[in-house]
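Asker: sequence and predicted model, in that order:
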Amino acid sequence: MGGRRSVCRLHLPGRCAINWLRGDIINMRVFEVMACRTPLITTRHPDMAVYGLIEDEHYLGYDHENINELLNQIQWVLDNRVAAEQMAIRAHNYVVAHHTYRHRAEELIEWLQL
């Protein structure tokens, strides 16, 4: 129905999005926020690198047990608007080039043909 535009309307009004990764997988919110060009602050997860997502290049990370680290990351975004926007643009460009639903469908089709 609304697709990416609807999701982006949720993220664009804010200066950043905060995400908490639970369990062993990276949730879709990571990719959705990045696709919307919104700076992302998320808990660290080893699989971020598997997907080519680099801390401080595409997102800001924090330890879920360290609220002060999260607050410092939020403050950085507020104090460094241009740098935060540049990070969000890098993340957007990477995610749109490598991690859309179309990419996942193509991978699935390729896997099923093996």
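Answerer: Nice, thanks for sending it over. Numbers count the residues shown, from 1 in each chain.
Asker: could you use CA atoms for every contact and neighbour count after this?
Answerer: Fine.
Asker: now do the helices in this structure.
Answerer: 3-11, 28-35, 47-50, 67-79, 81-98, 101-113 (DSSP state H).
Asker: tabulate those (TSV), appending mean pLDDT, mean neighbour count and distance to Gly61.
Answerer: Listed next are the helices of the chain as TSV, based on pLDDT from 0 to 100; neighbours: other C-alpha atoms under 10 Å; distance: least, C-alpha to C-alpha, whole Å:
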stretch	mean pLDDT	mean neighbour count	distance to Gly61
helix 3-11	54	13	18
helix 28-35	93	20	12
helix 47-50	94	12	10
helix 67-79	97	14	8
helix 81-98	97	18	13
helix 101-113	85	11	24
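Asker: reformat those helices as TSV; add distance to Ala17.
Answerer: Formatted as TSV, these follow (distance: least, C-alpha to C-alpha, whole Å):
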stretch	distance to Ala17
helix 3-11	7
helix 28-35	7
helix 47-50	16
helix 67-79	9
helix 81-98	11
helix 101-113	21
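Asker: among those helices, which is nearest Ile41?
Answerer: With C-alpha to C-alpha as the measure, helix 67-79 is the member of those nearest Ile41 (7.1 Å).
Asker: which elements pack onto the closest one?
Answerer: Packed against helix 67-79 by the contact rule (3 or more C-alpha pairs under 8 Å, 6 or more residues apart in numbering; DSSP states H and E) you find strand 40-43, strand 60-62.
Asker: repeat that with 10 Å
Answerer: In terms of contacts (3 or more C-alpha pairs under 10 Å, 6 or more residues apart in numbering; DSSP states H and E), helix 67-79 is packed against strand 17-19, strand 40-43, strand 60-62, helix 81-98.
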